[in-house]
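**Q** Give me a model of this one.
(one chain, ligands or ions: 1)
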Amino acid sequence: MRQHVNPLSINFNQIERIPSLREMFRDSTLNLHLDIGCAAGDFLFDLALVNTSWNYLGIEIREKLVKNAKLKVLEKEVKNLYFVFGNANNILNDVQSKFIFKNLKSISFNFPDPWFKKRHNKRRVIQPRFINTLSNSLQKGTLIFIKTDVKDLFDHMDCTISSNFYFKTIEKKDFNYSKSFNPDKVKTNREKYVIANQLDIFERIYIKI
Ligand SMILES: C[S@@+](CC[C@H](N)C(=O)[O-])C[C@H]1O[C@@H](n2cnc3c(N)ncnc32)[C@H](O)[C@@H]1O
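**A** Numbers count the residues shown, from 1 in each chain. Coordinates of the predicted model:
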């Protein structure tokens, strides 16, 4: 399995259309959470199997992982979980994806990038244009969660989001997780690794105003 793929490759210019909510989920009226860079989707399976009053959507750029995750959804008959393959930037900047923003309650970027070097800035998933798209399209009150173990990447994501007038930081200590997409504070695979290795975690929550 390839560890990294270049999101700027022309291979990702052709995007997978996000199906309608009715095609993706048994109950399309449930709250919707989007996880960007969901890898094999383990985190989303853990959430979807327990929190059946939420729908979960994952976007991942490594095709094999998405294929396997889709098979697992069918095998386990999970009706509140869906995976889309591609570069999240290309998919969500596309006009065909606009409908998804109206229904989103929250988005997570968990340890999203392997692109640490400054010269690879443009490969990082959080880009000014992308944040601009989100600020123009998300409903007021939609939450964005970012989490990483790399301080430079955190600063880059935080600076890009905070520079946008329509996103305000929420203090983590004031945040009530019980009503969120992740009431039990389930951890992603990368997060478990980071904790086991006693590395730092940098995280922030924003709300669209
Ligand atoms: C370090 S892994 C973290 C996986 C998982 N979120 C976790 O916390 O365990 C980052 C994931 O983001 C994916 N990714 C990176 N850039 C992406 C992009 N532009 N669009 C979609 N997925 C992306 C990578 O392929 C990889 O699976």
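**Q** Check the protein for the residue nearest the ligand and tell me.
**A** Gly37 (2.5 Å; CB to the nearest ligand atom). Quick note: C-beta positions are derived from backbone N, CA and C, even for glycine.
**Q** Determine the number of other residues adjacent to that residue.
**A** If you count neighbours by other CB atoms under 10 Å, Gly37 ends up with 21.
**Q** give me every residue that touches it.
**A** The contact partners of Gly37, by CB atoms under 8 Å, 6 or more residues apart in numbering, come to 59-61, 88, 109-113, 125.
**Q** Which of those residues fall in helices?
**A** Ala88 (DSSP state H).
**Q** Verify the stated contact: Ala48 with Leu57.
**A** No - with contacts counted by CB atoms under 8 Å, Ala48 stays clear of Leu57, the gap being 10.0 Å.
**Q** Quick check: neighbours shared by the two?
**A** Joint contacts of Ala48 and Leu57 (CB under 8 Å, 6+ apart) are Leu81.
**Q** Of the contacts of Gly37, which ones also sit close to the ligand?
**A** Near the ligand, judged by CB under 6 Å from any ligand atom, the entries from those are 59-61, 88, 110-113, 125.
**Q** Which of those residues fall within strands?
**A** If you go by DSSP state E, the ones next to the ligand among the contacts of Gly37 have 59-60, 110 in strands.
**Q** Neighbour count and pLDDT for the residues you listed - can I get that in TSV?
**A** What follows is these, written out as TSV (neighbours: other CB atoms under 10 Å; pLDDT from 0 to 100):
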residue	neighbour count	pLDDT
Ile59	25	97
Glu60	23	96
Asn110	20	98
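**Q** residue contacts, Asn68?
**A** Asn68 neighbours (CB under 8 Å, 6+ apart): Ala40.
**Q** just to confirm, which helix or strand has it in it?
**A** helix 63-76 (DSSP states H and E).
**Q** how about that helix: buried residues?
**A** Across helix 63-76, burial judged by 16 or more other CB atoms under 10 Å covers 65-66, 69-70, 72-73.
**Q** ok, residues contacting the helix or strand just after that helix?
**A** Per DSSP H and E, the first helix or strand lying C-terminal to helix 63-76 is strand 81-85. Strand 81-85 has contacts (CB under 8 Å, 6+ apart) with 16, 18-19, 24-25, 38, 41, 44-45, 48, 55-61, 63, 66-67, 69-70, 73, 91.
**Q** So Phe85 versus Ile18, what's the distance?
**A** Phe85 sits 11 Å away from Ile18, going by CB to CB, to the nearest Å.
**Q** Ok, Ser163 next?
**A** Counting by CB to CB, the gap from Ser163 to Ile18 is 27 Å.
**Q** got it, and Cys159?
**A** In terms of CB to CB, Cys159 sits 28 Å off from Ile18.
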